[in-house]
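Engineer: please work out how this folds:
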Amino acid sequence: MAATADRVLISSERIQQKVLEMAAQIDADYKDGPIYLISILKGAFIFVADLARALKRPSVRIEFMGISSYSREKTSSGQVKVTRDLDVNIEGCDVLIVEDIVDSGVTLSYLRRLLEQRKPKSLEIATLLDKPERRIQPVNVKYVGFRIPDEFVVGYGLDYAEDYRNLSDIRVLSQLPSSPNPE
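Structural biologist: Numbers count the residues shown, from 1 in each chain. The predicted structure is shown next:
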């Protein structure tokens, strides 16, 4: 049976309004100097692009990291690996990790520890979506767009087996096959 993503959980209009609100709070919190937005690939690339454009500050620097803990399943494997590291030194800089969704907390706990070793001036997390009931490891998220129920969601950068990223809203994926297609 094919997966479907017919039910809209969060409309594109609500997402864009929330991105503006989050950007305004970030601008208020970081008044001086540049801020590094570290986007976690691949899911957060659309969110980070919209967030960066919504920020009013002149110095927004965007970097990308690839982190994997999902392999080919729809739940975290618990094993985290860096698939793409930063190209810059973040020592002494304000850094904001930008994530599409916080689920188990395993990936972000690992990433936070890794980046703290690089001695940034500050290190916070912004996420579009948060599923607190799925948390295995605690993680402090400063900026949260939406808290959502424990449903598998796609769209606005989030995927299932590399599909659905292009949807402009967040939708619930139903009728999941037992395993996604190989990548």
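
Engineer: for the spatially most central residue of the chain, which non-adjacent residue is closest in space?
Structural biologist: Computing the C-alpha centroid of the chain and ranking residues by CA atoms, centre = their mean puts residue 99 first, at 1.6 Å. Taking CB to CB, 6 or more residues apart in numbering as the measure, residue 99 lies nearest to residue 127, with 4.5 Å between them; neighbours along the chain are not counted. C-beta: built from backbone N, CA, C; applies to glycine.

Engineer: the one you found: how many residues sit nearby?
Structural biologist: Using other CB atoms under 10 Å, residue 127 has 26 other residues around it.

Engineer: quick check: which element contains it?
Structural biologist: When secondary structure is defined using DSSP states H and E, the element that contains residue 127 is strand 122-130.

Engineer: tell me the average confidence for that strand?
Structural biologist: Per-region confidence: strand 122-130 scores 97 on mean pLDDT.

Engineer: report the buried residues of the helix or strand following that strand.
Structural biologist: In the C-terminal direction, the helix or strand that comes right after strand 122-130 (DSSP H and E) is strand 143-147. Judged by neighbour count using 16 or more other CB atoms under 10 Å, the buried positions of strand 143-147 are 143, 144, 145, 146.

Engineer: any idea which of the residues you listed is closest to residue 117?
Structural biologist: Distance ranking of these against residue 117, using CB to CB, places residue 143 first at 22.7 Å.

Engineer: hang on, the closest one packs against residue 127?
Structural biologist: Yes: Residue 143 sits in contact with residue 127 when judged by CB atoms under 8 Å, with a separation of 7.2 Å.

Engineer: need the longest helix for this protein.
Structural biologist: Determined from DSSP state H, the single longest helix within the chain is helix 12-29.

Engineer: tell me the helix or strand right after that one.
Structural biologist: Counting by DSSP H and E, the next helix or strand C-terminal to helix 12-29 is strand 35-41.
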